[in-house]
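>>> would you be able to build a 3D model of this:
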Amino acid sequence: MSLIEVKHLRKEYPGVVPLKDVNATVEEGEVISIIGPSGTGKSTLIRCLNRLETPTSGQILIDGVDMCASDVDLPKIRQKMGMVFQNYALFNHKLVVENLMMAPMDLLGMSKQEAYDQALDLLKLVGLKDKALSWPHELSGGQRQRVAIARGLAMKPKILLFDEPTSALDPQMVSEVLSVITNLAEQGLTMLVVTHEMRFARDASTRVFYMDQGELWESGTPKQIFENPQRKETRDFIFRVRNWNWEIHSIDYDYHAMMSSLQAFCARQFLGRHITLACQLALDEITSTILVPLAKKHSVEDPNIIYGLSAGEGSEEADLLVDMQKLAESGISEHEIMTSFDDISKMILENIVVRDYVDEDGVLHLVIG
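Now for the predicted structure:
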């Protein structure tokens, strides 16, 4: 018998159905990463598993007990599952150690000393024993999320559920939280993790669930999902998360949104500081110094500049594609574009561009490193 069995799970809200017909099994000791586009029911599935959301129909069996049955002892079954939320959900009016002591004392009948000793052990596990007597607001976002993970372990659960545990964190804090989760995975704890961190999904999971349109469309080992996905939708999603794309359709484009999106992609791909800065510099020079000013000069309101950036995780090089077909159609020659680089722009790009070429479609490729 599987530790978790989900049978024909459906969840409806007025006007929307986030879960249509989900079927899955999870064995004890498995680490399941749940990936997929936004709005496809991943978080709803996690919240249904411990009945934070009540399913419309279907079954959720935990150790053979149906969580959806009318006579189920819900508090007792929930004790088998810890939950880590996106936004930490710590009690700000209690010390860090007190956040970990409450549930074991109230629900497991631990003495205050037992709960305190266990809390210190768990804080040590996540590298925060020295923060036991701190207040949550005194911690960084990454530290608060590690406290939340320790609290999730305080009830000695068989299953630990994570709902996008790094989505509220700055890029530099993501790795410290993923490191803790990876260590837990190595200890054999059964975990289900809704995540957009593909490196974690690939390296720490025993299986990966790909969800789309409210259903579990594909399940397999990380190697199967990332290297040989069976469905077109899975292949398209994996391609998107490995590539960054941006289009500029106005000379009054949102510079800050573009740069923020690029930085987030570089963080997800675990690109180093050097290559991340080089990509940002290249994008800034090409856009702000050359292409957009040329579009203004020629009164092109929609320059339709299309960027694509691809880089393998941890890579020291990135391939930046610059599609300028609309500018060319507006009468701006390649010669005019190339001669628009001033001495400073040339110097910047010469220091960060390893090589460049124009492909048969007229798209400029810059290999940045």
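>>> only C-alpha atoms from now on, for both contacts and neighbour counts.
Fine.
>>> quick one, what contacts residue 5?
Each residue near residue 5 by CA atoms under 8 Å, 6 or more residues apart in numbering is listed here: 23, 24, 25, 26, 59, 60, 61, 62, 64.
>>> pretty sure the third one sits in a strand.
Yes: secondary structure of residue 25 (DSSP: H, G, I helix; E, B strand; the rest coil): part of a strand.
>>> find the nearest non-adjacent residue to it, please.
Closest residue in space to residue 25, ignoring its immediate chain neighbours: residue 5 at 4.5 Å, by CA to CA, 6 or more residues apart in numbering.
>>> list the buried residues in the helix or strand encompassing the one you found.
Applying DSSP states H and E as the criterion places residue 5 in strand 4-13. Judged by neighbour count using 16 or more other CA atoms under 10 Å, the buried positions of strand 4-13 are 4, 5, 6, 7, 9, 10, 11.
>>> most neighbours among the contacts of residue 5, which one?
With neighbours taken as other CA atoms under 10 Å, the top of the contacts of residue 5 is residue 60, carrying 26 neighbours.
>>> that one should be in a helix, yeah?
No: judged by three-state DSSP, residue 60 forms no part of a helix; its state is strand.
>>> ok, back up a step: may I see the buried residues of strand 4-13 organised as TSV, with distance to residue 163 added?
Output for those, formatted as TSV (distance: CA to CA, whole Å):
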residue	distance to residue 163
4	17
5	19
6	18
7	21
9	18
10	19
11	17
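>>> columns distance to residue 258 and pLDDT on top of those, output as CSV?
Formatted as CSV, the buried residues of strand 4-13 follow (distance: CA to CA, whole Å; pLDDT from 0 to 100):
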residue, distance to residue 258, pLDDT
4, 42, 95
5, 42, 96
6, 40, 96
7, 42, 96
9, 38, 95
10, 37, 96
11, 36, 95
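>>> then the helix or strand bottoming out on mean pLDDT in the chain to CSV, C-alphas only?
None of the helices or strands of the chain scores lower by mean pLDDT, DSSP states H and E than helix 334-338, at a mean of 72. What follows is helix 334-338, C-alpha atoms only, in CSV (Å, rounded to 0.1, in the frame of the first residue of the first chain):
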residue,chain,number,x,y,z
GLU,A,334,22.6,46.8,-40.3
HIS,A,335,25.4,49.3,-41.1
GLU,A,336,23.6,52.0,-39.2
ILE,A,337,23.0,49.8,-36.2
MET,A,338,26.7,48.6,-36.1
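>>> pull out the buried positions in that helix.
By neighbour count on 16+ other CA under 10 Å, the buried set for helix 334-338 is residue 337.
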